[in-house]
Structure formats: structure tokens, C-alpha cells
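> need a structure here:
(chains A and B)
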Amino acid sequence: MSSSIAQLAQTLRERNTSAVQLTRDAFAAAKASHADLNALVTIDEAGALAAAERADAALANGSPSALAGIPFVHKDIFCTNGLRTTCASRMLEHFVPPYDATVVEKLAAVAAVSIGKANMDEFAMGSSTENSFFGATKNPWDAARVPGGSSGGSAAAVAAGIVPYATGTDTGGSIRQPAAFCGITGLKPTYGRVSRFGMIAYASSLDCGGVLARSAADCAHVLAAIAGHDGRDATSADRVVDDYAGTLAKPLQGLRIGVAREYFGAGVAAGVGAAVHAALKEYEKLGAALVEISLPSAALAIPAYYVIAPAEASSNLARYDGVRYGYAAKEPKSLEDLYTRTRAEGFGAEVKRRILVGTYALSAGYYDAYYLRAQRVRRLIANDFSAAFKSVDLIAGPTTPTVAFKIGEKTSDPLAMYAEDVNTVAVNLAGLPAISLPAGFSEGLPVGLQLIAPAFAESALLNAAHQFQLATDWHLRTPGGVQ
Amino acid sequence: MSIDAATVRHIARLARLAVSDDELAPIAGELNGVLGLADQLAAAQIDGVAPMAHPHEEMLAFRTDAVTEPDRADAFLALAPDARGGLYLVPKVLE
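Residues are numbered from 1 along each chain as shown, chains lettered A, B, ... in the order given. Coordinates of the predicted model:
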């Protein structure tokens, strides 16, 4: 389905369809595309149909939520009570959580209908969704290419028209980069805007729940439903949730967009740069002023991220010990043997690599040179943004340096894979909100424009993205075969 | 700082990850690659810059000191590979 959330909500209220019907349509689309895309790891027919029936009842009673009765998928990193939650890892292949994540609870509370769980890079570590225990997800625009990652299953499911939106998480670009590669809109909110409770931890000072959808208007509806303070997450922000849908219509006259020269470096493909520059011209037509800015520490973001994120991961993933839940090695000879074999057999190569890098960076003798230094550089990066936002309202650049790359192209070269995150990781280090929106095509594949805003300025981001989408139709383009 | 096979063995021990002898050299190569990236941090001008551990450092959350979680020990023990009598079972650590 390529209809917007607003269109579907209206169709439901006019009784031209039902939540049960939309849910059956989503199952059919998911099954039809499964062999080609591998976007979902679990389809929950029984649970979804029961939720759809409840949604139809809620709609009959005048449910006010724009999301009521509309099917979607959760990234398989959000714990779902009674439904297996794998994080695309052998470690959690059969893990059935006894509780719901806050994001899951909040979407269920507005009668949204989750049809299943989306594929991802194992424990959200990756930029291609090739690091999944359940096999790679493919890009709906070209099945020989990756959908990006780690929220690649979520992005592919939306781009392929299986569902109008999906939840995702973004630790270093994992919502924005797959949104860019799949030609959809992906919003990473401010750190703390969306509760992390029940969201399986990768790097806790960077992890951020968000949404992937066709348009900024759709993202606004979903963010409104999932944002908010949560006493179960000590890092959740105790701030009022803005009226995101209500501020979309504001004209952009006078908006100052900073164009960061570092985001157009040598690694940015010519076609990507051209599409992004054309999109920025469109913003000028809409009344925005482009201001050239500099983020001097931008080049240090990847090195800092690939110390801090693995360090936090090595600590977070210490919990997988074969004792309390998840995979356990068979016939352990000792407790040590249980731990070490459980982890060697249960984790994939990239997860182990990051655990080892993080353990090294935190180990005696290296902590100052790596972890502490990376944290100081993190502040330089955050300071760059604070300085820039004194003279501009938003910062723009390409979300990714290239369009979607081929499956297998970077799997043997971790550093080439990490370089994918060059324009996205700084945002996580600073904890800011950012959005990737479709900005054109290069080589027949979608290009994403990234907009970055000051903390908690999601309204400004969504407003700017929506105005662009009123003037352009890149976000309405769909790969062949999508109805 | 270059990582050799002995260092990989040491880190893997700290991380409780079983690594076979054949894997030591390839892992050392990969880790040297990633740490080569991290070594770019050495050029940063960080004198007098305080470490930043978190995006919202000023935030300190308080909550009412009250029990909010019901006792769900059975639901959690049911997830364990091996549990009996309300306890997680592990291989014997004392002979």
C-alpha cells in the first residue's frame, strides 16, 4: 500500500475498508515479497488480526488516533510481550519477552496494528542488514543491492508498500541511511525523546527509537504517538511533546539552512551531491536562505563513534551469558566454558568484532588513549553543532555518500562499511534530531537529503521536510511493482 | 599500538568470547584496522576539553521511591536455559 497514513485513516473512518482488511492486505504483500526481499523475520497473523478487530471496534467508537487500524511493523529490536524478539541474532532466536517495550505499548494504546517484526543487522550493528542471522534483506529498488541498515527490514517493508510505516532505531544512522537507500523518509528524534525501555541495548548513550515512513507528515503522526517521558527509562526526557502534525503547514520564508561543506567531501558521489544541491535549490524557492557553514571536527566523528559505540556495546552485551535467557552452549564443561562458547556460538562476526574493539578500548592501559579521548572528541563534535545553530536553524547535507551499494560489496571490509556512516554518526554523538528525506535519484537509485536540527526541534525538521514534500514528488516514487 | 595474537587472546578472555587459534591472526588484522581508524583521534586538539559521556549530561532523573514492578520471577525464570526451584542453574564452580 502506498497510501499515506492520513488517506488510510480517512478511508477507515468512511468505512470504505476495515482494519482487518488492511491487515490481511499487509499479510498478502508481506508474503508475496518475502522470497525477494526478506524484510520481515516474524509475521504475527493471530496477534495482528486480534489487534485489527480491536481497532475496528475502537474506530466504530470514534477513536481519535490517526494510526488506529493501520498496519505497521516493528524493528525486531523492540520487545513484544509473547512474540519472539530476536535482534536478528542466533543469541535471541527463540527469545520471547515477557513484557512490551514502551514504544510497543504506546502504539498498541492508539490501536495501531503491528503485523510483525522487521529484519535488521544483528543487535543493530551494521549499515546493510547483511549482518542478520536470518539472512540479508534486499533493496526493493534493486534486489542485488542492500537496503541499508541496521533498520533495513523496516525500510524495505515501507518502500515495498507492505506497510505505510515501521519503527526503527538509530545509533549511528540506522534509520536515516536505510531511509535514504530505499527512497523513504526516516526520522531520528532527539536522544531521550522516545523511551528506550524494552528496546534492546546496543550503545546506550546513542541509541534512539524513531520511525520510517513515506512522508514527513506520516512521521509526524507516528512520532506524536511514540514520544514522551517514561519513568522506566532514566534518560527519557521529561518535556512536553510538541504538536508535530499541527506545525507542518508553516511557510519556510526566512528559514536559515546551513550547508555544511564537510558533508560534501571527496567520498560523496557526484550524482548524490548533484541531487542534494538540486534539493537545496528547491528550498531556496520555498523561501529558505542557504548559509555555508563549517563543522570543523566532522572528520573525527567516525573514529570517535567506532570507539564509543563498541565500548558501550561490549558492556551492554555482557548480559548474554547463557544463564538467564537466550542461546546457551550445549554440554558446558565449566561456567567459563558456558560463557565463552555461548557467546562465540551465539554472536555473529560483526558483533564479536565490536565487543572485542570495545573491550580493548576500555581495558587497562588503553582507556585514556581510546575511550576517554573519544569522549573529549565527542564534545568537540557537539560544540560544532552548538556553534553552527547560533546562525542557522537547520543543517543540510547528503544522508549518505553514495546510493545503495551491492550486496556483498563491503562485507569483507569493515572499514568501508563504517565509512557509510560518515554523515550520520555525528548527530548521534551530539544527541540531536535529524531526518532523511527522498531528494532525487542517481544511477536510478534513491538519494537522501539529511536535515539536522537543535535538540527537541523535531517540529522544525518535520515542517521543513513536509514543505519540501508538498513541492516535490520524490517521496511518492515507488519501486516497480508497488501498488 | 599494534594488536598481536596474544593480545587478541587476552581481550577475548576479558570479553568471555571463545576464539580458536586459527581465528587469532585474522581477528588481530581486523582489530588493527578498526584501531587504526581510532588512532586518528590522536590528532584532535582536546586540551582542556571535558569528556562527554552522554548527550543530556545535565539530566538527573528522580523518581518516587516506590515499588512499581510486581514479582514476576516465574516469568523471567521460564526464559532460562536451565532453572529449578526458583534458581538459575550453572555448571558446578566448586568441586
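> ok, so what distance separates residue A:410 from residue A:341?
29 Å (C-beta to C-beta, to the nearest Å). C-beta: built from backbone N, CA, C; applies to glycine.
> Name the nearest residue to residue A:442, sequence neighbours excluded.
residue A:271 (2.9 Å; C-beta to C-beta, 6 or more residues apart in numbering or on different chains).
> Double-check that neighbour against residue A:401; I have them as touching.
No. Between residue A:271 and residue A:401 there is no contact under C-beta atoms under 8 Å: 11.0 Å.
> low pLDDT regions in chain A?
Scanning chain A for pLDDT under 70 picks out A:1, A:481-483.
> how far away is residue A:39 from chain B?
27 Å (C-beta to the nearest C-beta, to the nearest Å).
> right, and residue A:135 touches residue A:39 too?
No. Counting by C-beta under 8 Å, residue A:135 stays clear of residue A:39, with 11.0 Å between them.
> So for the two, which residue has more residues nearby?
Higher neighbour count among residue A:135 and residue A:39: residue A:39, with 30 against 12, using other C-beta atoms under 10 Å in any protein chain shown.
> That one and residue A:33 touch, don't they?
Yes. Counting by C-beta under 8 Å, residue A:39 touches residue A:33, with 6.7 Å between them.
> Please enumerate the shared neighbours of these two.
A:160, A:162 (C-beta atoms under 8 Å, 6 or more residues apart in numbering or on different chains).
> returning to what we had before: more neighbours: residue A:271 and residue A:401, which one.
Higher neighbour count among residue A:271 and residue A:401: residue A:401, with 20 against 17, using other C-beta under 10 Å.
> ok, whatever residue of chain B ends up closest to chain A - contacts?
Using C-beta to the nearest C-beta, the closest approach of chain B to chain A is made by residue B:55 at 2.3 Å. By C-beta under 8 Å, 6+ apart, the contact set of residue B:55 is A:191, A:192, A:205, A:382, A:429, A:430, A:431, A:432, A:455.
> next one: residue A:6
Per C-beta under 8 Å, 6+ apart, neighbours of residue A:6: A:66, A:217, A:218, A:221.
> ok, now residue A:399?
A:173, A:176, A:177, A:179, A:180, A:423, A:424, A:436, A:448, A:449, A:450.
> element containing the fifth one?
Assignment of secondary structure by DSSP states H and E places residue A:180 within helix A:176-182.
> phi, psi of the residue nearest the centre of chain A?
Central residue of chain A (C-alpha atoms, centre = their mean): residue A:175, 2.1 Å from the mean position. Main-chain torsions, residue A:175, degrees, to the nearest 10: phi -100, psi -50.
> My understanding was that it contacts residue A:189; is that so?
No. Using C-beta under 8 Å, residue A:175 is not in contact with residue A:189, being 9.3 Å away.
> Spit out the residues that contact those two alike.
With C-beta under 8 Å, 6+ apart as the test, residue A:175 and residue A:189 both reach residue A:210.
> Where does the prediction get shaky in chain B?
B:1, B:58-59.
> Contact partners for the most centrally placed residue in it?
Residue closest to the average C-alpha location in chain B (C-alpha atoms, centre = their mean): residue B:15, at 6.7 Å. Residues near residue B:15 by C-beta under 8 Å, 6+ apart: A:314, A:343, A:355, A:356, A:359.
> quick one: contacts for the residue nearest to it when sequence neighbours are not counted?
Leaving aside its sequence neighbours, residue B:15 sits nearest to residue A:359 (C-beta to C-beta, 6+ apart; 4.3 Å). Taking C-beta under 8 Å, 6+ apart as the criterion, residue A:359 is in contact with A:314, B:11, B:14, B:15.
> Shouldn't residue A:359 be within a strand?
No. Assigned with DSSP: H, G, I helix; E, B strand; the rest coil, residue A:359 falls outside any strand and is helix.
> Taking chain A, what residue is nearest to chain B?
Counting by C-beta to the nearest C-beta, chain A gets nearest to chain B through residue A:431 (2.3 Å).
> How many residues are close by that residue?
23.
> Would you agree it is in contact with residue A:188?
No. Between residue A:431 and residue A:188 there is no contact under C-beta under 8 Å: 10.2 Å.
> Put together JSON lines for the contacts of residue B:15, with distance to residue B:6 and secondary structure on each row.
Below are the contacts of residue B:15 laid out as JSON lines (distance: C-beta to C-beta, whole Å; DSSP: H, G, I helix; E, B strand; the rest coil):
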{"residue": "A:314", "distance to residue B:6": "19", "secondary structure": "helix"}
{"residue": "A:343", "distance to residue B:6": "20", "secondary structure": "helix"}
{"residue": "A:355", "distance to residue B:6": "18", "secondary structure": "helix"}
{"residue": "A:356", "distance to residue B:6": "14", "secondary structure": "helix"}
{"residue": "A:359", "distance to residue B:6": "15", "secondary structure": "helix"}
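> most neighbours, which of those?
residue A:355 (29 neighbours).
> Cross-check the contact I'm expecting between it and residue B:17.
Yes. Residue A:355 lies in contact with residue B:17 (C-beta under 8 Å); the separation is 6.5 Å.
> what's the overlap in contacts for those two?
Contacts common to residue A:355 and residue B:17, judged by C-beta under 8 Å, 6+ apart, are A:343, A:347.
> hmm, back to that, any idea which of the contacts of residue A:6 has the most stuff around it?
residue A:218 (31 neighbours).
> Surely that one is in contact with residue A:3?
No. Using C-beta under 8 Å, residue A:218 is not in contact with residue A:3, being 9.9 Å away.
> got the residues of the stretch 1-150 of chain A near chain B?
A:95, A:96, A:98 (C-beta under 8 Å from any C-beta of the partner chain).
> With adjacent residues omitted, what lies nearest to the last one?
Which is residue A:98. residue B:75 (4.1 Å).
> Could you report the neighbour count for the one you found?
Using other C-beta under 10 Å, residue B:75 is surrounded by 13 other residues.
> and residue A:381, what element?
Going by DSSP H and E, residue A:381 is in helix A:373-388.
> could you turn that helix into CSV, dropping everything but the C-alphas?
Extracted C-alpha coordinates of helix A:373-388, given in CSV (Å, rounded to 0.1, in the frame of the first residue of the first chain):
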residue,chain,number,x,y,z
ARG,A,373,39.9,10.7,24.2
ALA,A,374,36.9,9.7,22.1
GLN,A,375,34.6,11.3,24.8
ARG,A,376,36.6,14.5,24.6
VAL,A,377,36.3,14.5,20.8
ARG,A,378,32.6,13.8,21.2
ARG,A,379,32.3,17.2,23.0
LEU,A,380,34.2,18.9,20.1
ILE,A,381,31.6,17.5,17.7
ALA,A,382,28.7,18.6,19.9
ASN,A,383,30.3,22.0,20.2
ASP,A,384,30.5,22.3,16.4
PHE,A,385,26.7,21.9,16.2
SER,A,386,26.0,24.3,19.0
ALA,A,387,28.2,27.0,17.3
ALA,A,388,26.5,26.4,13.9
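> Right, I'll leave it there.
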